[in-house]
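In: sequence unknown, structure follows:
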């Protein structure tokens, strides 16, 4: 490997240090299937140059390994904080005080209480990237008025993330009511013929409303990331 | 086979002549995969004793074979008429003038224009059994106000048949708005990941609204039949 | 959110307080994927106004959280009792003494011993809503005479719930023998190519008998609920 | 290839001339995907040594090519006849007059009229191998009495072939009523979620009755062949 | 329920006491999904009249419940013994000394070592019914000579049970080499695209050899049972 | 239905006339499954108020019916033109001379020549909505340099639509190279295990690159529409 | 696009002219889904520099367009010939007289007569690349001796291509008998649960023999290409 | 079984002792589903004659049973060592000091950190067979430059093994850049619609690049084995 490559090689991982320059966003750590040591090693390496690092689908063991690997004192001195969000299974290292001003807003709409962990993945991500996350939870289509009452709040956002399991009808209904892009996230919430999210996924792909694009099952983070890209007018 | 059996044996078919006594409804002819001659033979045999005969998924060739097999003069004399509904692919032999009084009503709600043939299967069936069919078509959830404006009409029915392809969200939305049973019929309308109706089927099975039961893909007739059974208060 | 909305907002849940007025039945708590605290919080809120609350797919931990959250003395004073049905995984809060008179009857027919938990979901639900549940269990089609001997009991009901795993043939056979609607519930009982209930589900959707509609795999509660809607002649 | 090999090499086919010695039955020609010329060539070669040749899933074009390739006069002289069964899509070359005495009997039971072509595949095969085929058609479980009335005829056979599409419940019901092996053949009859026979196939594999084994979808011939092997007491 | 019904009703189970008269074999207990108490209760009831009782897919806990429920002294007095086969997960209650004479033989052929538990299900069943089980294990097609060397032993049987996971090719190869029926049992042995036995199942259903019928995945018992029915010449 | 409803009811269709106000875009006609007469009727009705109308998945017969229904002279007088794009199967009615100024740009990148019809759906749609469509076709990943050479052109767009069949890897590779959202469209191009686009669909949903959201198989129009929504900075 | 790029841009196609340098083989034309004009245009362009061009999955119409586009006289003068192989659906432009010397050999083994078109794809490809194609057809495992008799011929090759539909067992059996790599090609030959080749595909992926890798369904060309790469010792 | 058979029969296993002669490689122990005792027994038996034995998908319990069964002293005396690779789940018994000279090289390329265990299966296998394993890990296509920088190392190998989960695009991209065969191994890394590796599997089967053949999901060992066969020029 050449000397000046923008890759940090750890043996088990090659961190893509120039991704931010290329795509506008630093690499993100997908923690599923990595050992706690690997996650910690990667995050430590990235922390040398980055001021916002996100780990997704992370276990508390992985978080603790990261916590141990980073000096609290050092983080404080750098004006950084490290947090684990148990629901969303995310590790976020970010600036302690982020500027009050928001670059825009992302509405995160979810069908049921059990969808909240995935919805939070999206909301926390949008928040970390500097957008206001407008949370509108438990507004499934079985009680349409719950959604209709909050539709103005949803319409005020630059982009909508619609999170739902079971039959995933929320995405179609929301997209028919707003004039901004809708990022649909099927969740694995349900049982029997929900086939761990496949039904919601297929349903969202076949939305009869326009303006809907779909993420992988339970990929709340990806939706938050894409929503931020879309909301970011000044790119 | 014994003498007095309530079966009319035609070699290729054993018509279940006592089904009406047993289940309240005469046997129905599922025409798919039968030759025109077989359909005509079965209908002719049934016409000896029945005054309402329904053939489903019927081709125009099958209808013409039936037409040839039954004497028009004879039908007239009996006060019967034979009709082919090309959209719904149904052959219906019924009394020429049915009594004006209806036993109840069935709302048939459909998502899009392309779902109409299946919706008509349900509506014509309910009608043939003596119920008023309240047709509410092309009210897919992409434009919710189309549905909401007609919700009182739907609510006035004894039972609702919800017909939709693509993501099939209509069933969940309707069921959340009414207090009667909803019979959901997925259609094969759509393309790509609609998988010829499987997506709508799975979506309806996972409805987050209560009071929804599901029929096979494109089984409008079965839904109309079941709706009539449910609406028939005096059974 | 407006002041007078018929929603009780708990942050993680928006309880649809006007569902009873709209659909005739109060909201039901689908417990799978909720924390014990969330279940308890929702039930407590609903208990302020409702006298019949059902939690489905509930764990004993969720039940205990509910139990702790509700004062036994208070329940007694209100003439209410709270019960956990371990087999059916249901939490039911209902009036201590329900009126002897029944609004109608629901036959719950099941294929094998292992299907009983799902059958009980349906039977307990019908019972809670004020209908007589006629239990006819372990009458799978491998020994047809077991079913035939009890057919008169089944025929006496206003509606039938047919619960079966494996090949799910019970629904077709029962529907051919009765004149009332049959709500079919596939169960995940079986192994190998039963694919956790998918085979029974597909089988029931393709029933050669008329009058059958299908619920999601293992959705005994939903079947009981719909059966009650159908049996409720006085709606 | 060695001189004395028991293979007749035609370039496009290697006819397994010793299969009869090895397995008790001569090779059978699966015609699907072969050109008419190939079918004719193979049959002509086999006719040099065999007195019973079966072609399955054969088109009328393939039959005509065979017909042209074999001298009628020659067949007569040999006491052989060649017949095409359009329904069953079979070409059978066999002795003109087969002995009246049968080696046993095979009951072929089918669900509906549209299943007859596949049922006939089985019945004609059993017949060609010297067994009596007891045809019991159109006895689907929607009208159980049609089946129960004929159960003694079915019970009199050495083995049963049960042919059904849609939900395929016939196999389970029949197997619960007889004491001989049941060979189940799912057919592609049905629509929507029958998935061209997959539902009937899965259903039969999960039969709650004992004594059922399953063939490929629409494989009536294979069932007739296996039934003959089982019925053949004197092997 | 009538007085003289041939059903033993236990509440959770209706034991089909006349099945032996009807199908030649007593009911068998499918233990999966039943509580230990239910299994013990059913077996105790059956033990009042039967001298051969089989429980399949049984856990050791279920066995221990049965053991406790049946008096060892009583069994001895009756000349019966109760055994648990851990590999095959079977509970068998049978006569202590079975007659040496066998009614015929069943070859049980298996692909790999990991398939043995399912193969043993079949072999123990055939044995319990009074047939000689010829075990030919670990003869997968990757080393064909292992199979070819033992082919005469296999050919000596009245029927063959072929047990294999992974690609399930064993069934086709064996069936091409013998002149008796082959009952194929796919197993869930494998990983990745074996999809827990579905690949072996599909493979066996599409066998290019004649004389193969297929059981559900891992259904060794069912294969043994059917093999006994076929091998039983004197039925 | 009320007087002032923003719906044009044609019996077979309810045109959602206020969709533009609500979502920013007028209703679009999904032509698949509609008769030519229905398509023409809907377009004629819409042409009374709209100056941009799009019909997708349209046949030439449907186009001709539309052509007949609209007076050419009238269109000219209104400064409108009607065009059929055979590849993309689109009917577009739009202003004859659209303003030269573009609101932004959409890169449409496709894998192979056979993907072009779907890519054109996206490009023509973006163009009709007033965006510059940057076409970069036949740059599949088998020859990476074809893509890399044009990457600057792609990077210049406000949003990318990536169209590919077979394994659909193009979406992941492109998304790793740009800093704008990527709308991925799987196509049904391929054979065998491409399963008519399902493989490309699944592949795109599992993209290891961030910033990718997915449309239904062959839904080029939907992608173009969503891309326009995203690119429209001034919304 | 830059001046000196090794791409020939035709608008609808970008021919990768440097692929030969990069991968050792010139680009191949996958004809499915391309118009005859596109195929002809691409081939004409490539013929300017290449002396071996292959078109796969080609229709006779595509061939005729190519034929028209290339001057026969010109081809002769260049010592090239153009041939269409109807069975294999291949268009091959190659040197009229290829050198007698072969670089190695590829055995192409197929299960049945209907698999020959795909087997020929592989054989013709190996031949075109300068290897001897050893054809061993119709040696399916139902008659193992057909295969065993020819095993020495197969063993003499540098690599084996195993082509089979139905249950695809041929690949496993062959791989257990040879010491060279086996490229397995599932074909869509079969019916019912062969699911158009998926069963053979899954079977081959789960081969219990070592040394087997799998191609897409019906991808005979790809197998021939890869086999040539493997056989090419001097690379 | 005959005396001189090249099979070591252990009851539960028949070790194929002549496989090395027949296929060039000794039998390998697939440990999944075997008891520790069975694994130990088989390895002990093989150790009598072999100097390289590989166990795959092995647990640490199985390794410990093998360790106990083999005398360390004995191994040392024989110049053998036994190692367990926890990541790759492999047990390898091999010569303590292998010759420094390599027969060739195999590049093992992997997409992400979580794919390493499967990649190591391939690399360790190639290494054990005497080839140099060139490990190029964590070079997924989301950051293409990571792969491009190392492409010369990959190109230097005799064959490439490409290991990737999620969308599996790595195989297509690599194969477009090299001139040697690519063995693609899909892994079960991913979540949601990765369906435990099925998406990567399907993606690799549909590669738009030539020269790719595919192994079962997670079958790193099989890929390493096949790669060694291909790289072994002197066979």
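Out: On my side now, so go ahead. Since the model is a prediction, treat every value here as computed from it, not as a measurement. Numbers count the residues shown, from 1 in each chain, chains lettered A, B, ... in the order given.

In: Pull up the residues of chain A that are close to chain F.
Out: A:22-25, A:28, A:175-181, A:183, A:201, A:205-206, A:210-216, A:222-223, A:225-226, A:229-230, A:233, A:235 (CB under 8 Å from any CB of the partner chain). (Glycine included, C-beta is placed from N, CA and C.)

In: how about the strands in chain A?
Out: Using DSSP state E, the strands found in chain A span residues A:7-9, A:14-16, A:29-30, A:53-56, A:80-85, A:90-95, A:105-110, A:132-136, A:159-164, A:182-186, A:212-214.

In: Quick one: neighbours of the spatially closest residue to residue A:127 that is not a sequence neighbour, just the number.
Out: Excluding its sequence neighbours, the residue lying closest to residue A:127 (CB to CB, 6 or more residues apart in numbering or on different chains) is residue A:133, at 4.8 Å. Neighbour count for residue A:133, taken as other CB atoms under 10 Å in any protein chain shown: 24.

In: check contacts around residue A:123.
Out: Taking CB atoms under 8 Å, 6 or more residues apart in numbering or on different chains, we find residue A:123 in contact with A:106, A:108, A:133, A:135, A:161, A:224.

In: So residue A:175 sits against residue A:214, correct?
Out: No: in this structure residue A:175 lies outside contact range of residue A:214 using CB atoms under 8 Å: 11.3 Å.

In: Give me the more crowded residue out of the two.
Out: residue A:214 (33 against 26).

In: Turn the strands of chain A into JSON lines, including distance to residue G:117 and mean pLDDT.
Out: Formatted as JSON lines, those follow (distance: least, CB to CB, whole Å; pLDDT from 0 to 100):
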{"stretch": "strand A:7-9", "distance to residue G:117": "47", "mean pLDDT": "75"}
{"stretch": "strand A:14-16", "distance to residue G:117": "45", "mean pLDDT": "82"}
{"stretch": "strand A:29-30", "distance to residue G:117": "44", "mean pLDDT": "92"}
{"stretch": "strand A:53-56", "distance to residue G:117": "48", "mean pLDDT": "95"}
{"stretch": "strand A:80-85", "distance to residue G:117": "57", "mean pLDDT": "94"}
{"stretch": "strand A:90-95", "distance to residue G:117": "53", "mean pLDDT": "94"}
{"stretch": "strand A:105-110", "distance to residue G:117": "52", "mean pLDDT": "97"}
{"stretch": "strand A:132-136", "distance to residue G:117": "57", "mean pLDDT": "96"}
{"stretch": "strand A:159-164", "distance to residue G:117": "47", "mean pLDDT": "98"}
{"stretch": "strand A:182-186", "distance to residue G:117": "41", "mean pLDDT": "98"}
{"stretch": "strand A:212-214", "distance to residue G:117": "38", "mean pLDDT": "97"}
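
In: sorry, back to before: just the buried subset of the residues of chain A next to chain F, please.
Out: A:22-25, A:28, A:175-181, A:183, A:201, A:205-206, A:210-216, A:222-223, A:225-226, A:229-230 (16 or more other CB atoms under 10 Å in any protein chain shown).

In: Look up how far residue A:107 lies from residue A:101.
Out: As judged by CB to CB, to the nearest Å, residue A:101 and residue A:107 stand 19 Å apart.

In: Of these two, give the one with the bigger neighbour count.
Out: residue A:107 (29 against 7).

In: Wait, the more buried one touches residue A:161, no?
Out: Yes: between residue A:107 and residue A:161 there is a contact under CB under 8 Å: 7.0 Å.

In: who touches residue A:56 in this structure?
Out: Neighbours of residue A:56 in contact, by CB under 8 Å, 6+ apart: A:28, A:29, A:30, A:31, A:32, A:89, A:90, A:121, A:221.

In: Check residue A:74 too.
Out: Per CB under 8 Å, 6+ apart, neighbours of residue A:74: none.

In: got a pLDDT number for it?
Out: Per-residue confidence for residue A:74 comes out at a pLDDT of 84.

In: isn't residue A:82 right next to residue A:65, touching?
Out: No: with contact defined as CB under 8 Å, residue A:82 does not count as touching residue A:65 (11.8 Å).

In: out of these two, which sits in the busier spot?
Out: The residue with more neighbours, out of residue A:82 and residue A:65, is residue A:65; 22 against 18, by other CB under 10 Å.

In: In this structure the more buried one contacts residue A:31, no?
Out: No: in this structure, residue A:65 is not within contact of residue A:31 by CB under 8 Å, at 10.2 Å.

In: Give me the common contacts of these two.
Out: In contact with both residue A:65 and residue A:31: residue A:39, using CB under 8 Å, 6+ apart.

In: What is the burial count for the residue of chain A at minimum distance from chain E?
Out: In chain A, the residue that lies nearest chain E is residue A:195 (13.8 Å; CB to the nearest CB). Applying other CB under 10 Å, we find 21 residues neighbouring residue A:195.
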